[in-house]
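# This is a predicted model, with the sequence first.
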Amino acid sequence: MRRLTPVWKGLTCALTCALPLLVVRPAPAAAQQSLTVGYGFAYAPGPPPVVAGTTLILQSSATGSVTPAVPALNARWNRVAYTDHAVADLTTGQLNGSVVMTFATGDQLFGDLFENVSQLIATGGTGPFTQRLSFEGGTGLFAGASGVLTGGGVETPAGTTTSGSGTLTLAPEPTSVALLGAGLAGVVVTTRRRWRATFA
């Protein structure tokens, strides 16, 4: 029993150190960051659309900017590459698809695209259209992000441009989970070292 005493002391110390980490108590919620942003894109010539029955399948790419009302973020975010894959219903003029924005940091923002392109269909591909971008998640800075941007665009023989504004909400980074894991790992390592030293 005397030989095991240091072991029990080590375990007691480890449990004492770990107890504050294991006690469930309400932690202050990390604030989400809600940003008012504007956007603008100029589209590059893409592959020709594919007609499938009464639908039109399109792929588009563009470059431009997403400008938050925080000057320090503008240099980090921009320039932004935009891609979408969408299907337009030729009978209703409604277009739905998915969109990915890739920022200068390499982080990506994922969302859904909704447009009313009925005037483009009626005129054979020129004129204004409305646009709504609904975002849910991404990578890096935009993991867990959400938001809605609304605007519109104009398609002419010279090219297509879009612009609009809205709000993006960025989720806080899970630093509290990382700190808890690091604390418990330290307790385990300390206990193992003491145990091995006792029986060495």
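Looks like it came in fine.
# Might one say that G38 is in contact with T167?
No: between G38 and T167 there is no contact under CB atoms under 8 Å: 10.9 Å. Bear in mind the C-beta positions are built from the backbone N, C-alpha and C, glycine included.
# Tell me how many other residues crowd L170.
The number of residues packed near L170 is 20, by other CB atoms under 10 Å.
# right, I mislabeled it, should have said P45
So P45, with other CB under 10 Å, has 9 neighbours.
# which residues touch it?
By CB atoms under 8 Å, 6 or more residues apart in numbering, the contact list for P45 reads G159.
# Offset the numbering so it begins at 817, please.
That works, and once the first residue is 817, the last one we named lands at P861.
# Next one: it from G913, what distance?
In this view, P861 and G913 are 18 Å apart by CB to CB, to the nearest Å.
# Repeat that for L984.
Counting by CB to CB - L984 and G913 are separated by 19 Å.
# which of those two has more neighbours?
Comparing L984 with G913 by other CB under 10 Å, the one with more neighbours is L984, at 21 against 18.
# For the more buried one, which residues count as its bridge partners?
Beta-bridge pairing of L984 under DSSP bridges involves L851, G963.
# didn't it look like it was pressed against G963?
Yes: the criterion here is CB under 8 Å, and L984 meets it with G963 at 3.8 Å.
# Return every residue with contacts to both of the two.
Contacts common to L984 and G963, judged by CB under 8 Å, 6+ apart, are V853, F951.
# At which residues are the helices of this structure located?
Ranges of helices in the chain, per DSSP state H, are 821-838, 887-893, 934-939, 991-1015.
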